[in-house]
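Novice: How does the following fold in three dimensions:
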Amino acid sequence: MGAFYEVNPADTKLDDKGPTLIALWIFFQLAPLLTLGLPSFLEDPLLHTFRLPSFPVKGSYKKLYDFFYNASSKILDEGEKMGIQREEACHNLLFATCFNSYDGMKILFPSLLKFIGQAGVKLHKRLAEEIRMVVQSNSGTVMMSGMEQMELMKSIVYETLRIDPPVLSQYGKAKKDLV
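Specialist: Numbering: from 1, shown residues only. As a prediction, the model looks like this:
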């Protein structure tokens, strides 16, 4: 998170507990989607009938919220300029960073590595050549504009999202090739 907000979470009240607080909060967000592999007539009444109370994660969320509120004043100022209340912008920032980015790294990134690893040496070489060429043409700097130039890399990411979406019940599952 320090790369985004210019503050190292370990140097704040979060200390090294940030990932644990995030994981706990995300667990409660995704609990309604959990499955134990039991038949649905057993699992639905046990897991999906009652809402989980918020009190077990309220303190964790507050600590995360306080970190974001204090560490992202420039971003929150921009939100206010756009007409978004500071508190709402902070909640949105927390959600986007913790839920989307953090889980993307824990779920999507391993899937990417799995599919790239399974693809074989030919793809590895092509991907390495493409990345090296683009980074070299951008003076050795990796930038979003450079990543936009990496057609093979983008194709691999899109295929991974298509074949193995991070949140199965949120995305449609590919039933046939689109290309």
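
Novice: Can you give the domain ranges for the chain?
Specialist: In terms of domains, the chain is parsed into 2-104, 120-179 (source: automatic domain parsing).

Novice: Mind checking these for the one nearest to Leu112?
Specialist: Distances from Leu112 to each of the domains of the chain were compared by Cβ to Cβ, and the smallest falls on domain 120-179, at 5.1 Å. Using the backbone N, CA and C atoms, a C-beta is placed for each residue, glycine as well.

Novice: State the mean pLDDT of the closest one.
Specialist: The average pLDDT for domain 120-179 rounds to 86.

Novice: how close does the residue most central in space within the chain get to Leu93?
Specialist: Nearest to the geometric centre of the chain sits Ser101, at 2.4 Å (Cα atoms, centre = their mean). Using Cβ to Cβ, to the nearest Å, we find Ser101 at a distance of 11 Å from Leu93.

Novice: One more: Tyr158?
Specialist: In this structure, Tyr158 lies at 26 Å from Leu93, with Cβ to Cβ as the measure.

Novice: Who has more neighbours out of these two?
Specialist: More neighbours sit around Leu93 than around the other of Tyr158 and Leu93, counting by other Cβ atoms under 10 Å; the figures are 20 against 12.

Novice: quick one, what contacts the more buried one?
Specialist: When contacts are counted by Cβ atoms under 8 Å, 6 or more residues apart in numbering, Leu93 touches Phe68, Ser72, Ile75, Leu76, Gly79.

Novice: And the helix or strand harbouring it, how far out from the chain middle?
Specialist: Counting by DSSP states H and E, the element that carries Leu93 is helix 86-94. Per Cα atoms, centre = their mean, to the nearest Å, the displacement of helix 86-94 from the mean C-alpha position of its chain is 17 Å.
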